[in-house]
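Visitor: Just a sequence and a predicted model for now, questions to come.
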Amino acid sequence: MTANEFRVYCHLARRAGTGSAFPSADSIAEVCRMNRKTVWDVLRSLGERRMVCKAVRRGLSNVYALTLPEEWVNLSQSSTHPSDWGDPKEVPPPDPKEVPPPDPKEVPRRYSTEGYPLKVIQAEQRTREESASGRMSASEWEPFQEHRDLAAIRNADCDLQLSRFRERNVGTLDTDQGWSVRFRQWIGRSRPERSISPEAVASPSLEQWMSEAQKLDAEAHRAKQPEWPADLAEALWHEHTAKGWRFAADWRAALVAAHKRFLGLEMNHTLRNQRRR
């Protein structure tokens, strides 16, 4: 499965069952940000393998839906003609009188589909509440599996980038799709991090880590700088330990960088409070 095929299939699967997700190839192209010719080629390829079926509606655009895994066809082992989509089902257009009008007070929700074999779809099974305007803050938004895959390709820590991304966008509201595009661009602009195996780094014990943190805090105290809370330093040690110290080639340098980052945030916070006065 190519990248475009995987993208279209994931979007179809993630929005299947909502009733009005992808009624036509044009809407697939719009949401997936692909040109129409590419979408047609992808749908034709998925249809040849029976991964997608096409339902013809009289007087309306075609509907594309997913099939069960047992219906899929391996073209290398099948004698099916490549252009054969099977017998398309003809679906009559819905009667406007039978369709109830939408409730304007109803808050839109996001649903995910269960039972599909792709792990990426199962990983994105979640229900997200949005505000009445469909906008949310960066702290409420959660990344998709595609963002974590992109971070892995760029050799970046997705959780660390997400934390920095949320700090940068404090007080900003955007839609789910808007945050998705922003975070994808954020990861694309991030610098690749040096990832090493746990055997290649001497991970410190908690006592060693806290001892170095106390030395840094003592130097900052003599310089009349803010005190670094011990619980923050300890939490940082647990975070690196959980990740196997893969993103810390030199743990002392990582500790110094974290301390400087804390002092910078405290200084910015103090300046903001002074300006408000």
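Guide: Structure received.
Visitor: got a pLDDT number for residue 165?
Guide: Predicted confidence (pLDDT) at residue 165: the value is 91.
Visitor: State the distance from it to residue 172.
Guide: Between residue 165 and residue 172 the distance, using Cβ to Cβ, to the nearest Å, works out to 11 Å. Every residue, glycine included, has its C-beta placed from N, CA and C.
Visitor: again with residue 178
Guide: For residue 178, the distance to residue 172 - Cβ to Cβ - is 10 Å.
Visitor: Residue 244: how many residues sit nearby?
Guide: Taking other Cβ atoms under 10 Å as the criterion, the count of residues near residue 244 is 15.
Visitor: now for the longest strand anywhere in the chain, which elements pack on it?
Guide: Ranked by residue count under DSSP state E, the longest strand found in the chain is strand 52-57. Using 3 or more Cβ pairs under 8 Å, 6 or more residues apart in numbering; DSSP states H and E as the contact criterion, the elements in contact with strand 52-57 are helix 36-48, strand 63-66, strand 89-91.
Visitor: nearest to residue 269, of those?
Guide: Nearest to residue 269 among the helices and strands packed on strand 52-57 is helix 36-48 (47.6 Å), distances taken as Cβ to Cβ.
Visitor: mind saving the C-alpha coords of the closest one as PDB?
Guide: Once non-C-alpha atoms are left out, helix 36-48 reads as follows in PDB (Å, rounded to 0.1, in the frame of the first residue of the first chain):
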ATOM      1  CA  ARG A  36      -8.600  14.700  -7.900                       C
ATOM      2  CA  LYS A  37      -6.500  12.600 -10.300                       C
ATOM      3  CA  THR A  38      -4.500  11.200  -7.400                       C
ATOM      4  CA  VAL A  39      -7.700  10.400  -5.500                       C
ATOM      5  CA  TRP A  40      -9.200   8.600  -8.500                       C
ATOM      6  CA  ASP A  41      -6.100   6.500  -9.000                       C
ATOM      7  CA  VAL A  42      -6.000   5.700  -5.200                       C
ATOM      8  CA  LEU A  43      -9.700   4.700  -5.200                       C
ATOM      9  CA  ARG A  44      -9.300   2.600  -8.400                       C
ATOM     10  CA  SER A  45      -6.300   0.800  -6.800                       C
ATOM     11  CA  LEU A  46      -8.100   0.100  -3.500                       C
ATOM     12  CA  GLY A  47     -11.200  -0.900  -5.500                       C
ATOM     13  CA  GLU A  48      -9.200  -3.400  -7.500                       C
END
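Visitor: more neighbours, residue 165 and residue 172?
Guide: In this comparison of residue 165 against residue 172, neighbours counted by other Cβ under 10 Å, the higher total goes to residue 165 at 20 against 13.
Visitor: Counting neighbours, what do you get for the nearest residue to the more buried one once chain neighbours are set aside?
Guide: By the measure of Cβ to Cβ, 6 or more residues apart in numbering, the closest residue to residue 165 outside its immediate chain neighbours is residue 186, 5.1 Å from it. Taking other Cβ under 10 Å as the neighbour definition, residue 186 ends up with a count of 19.
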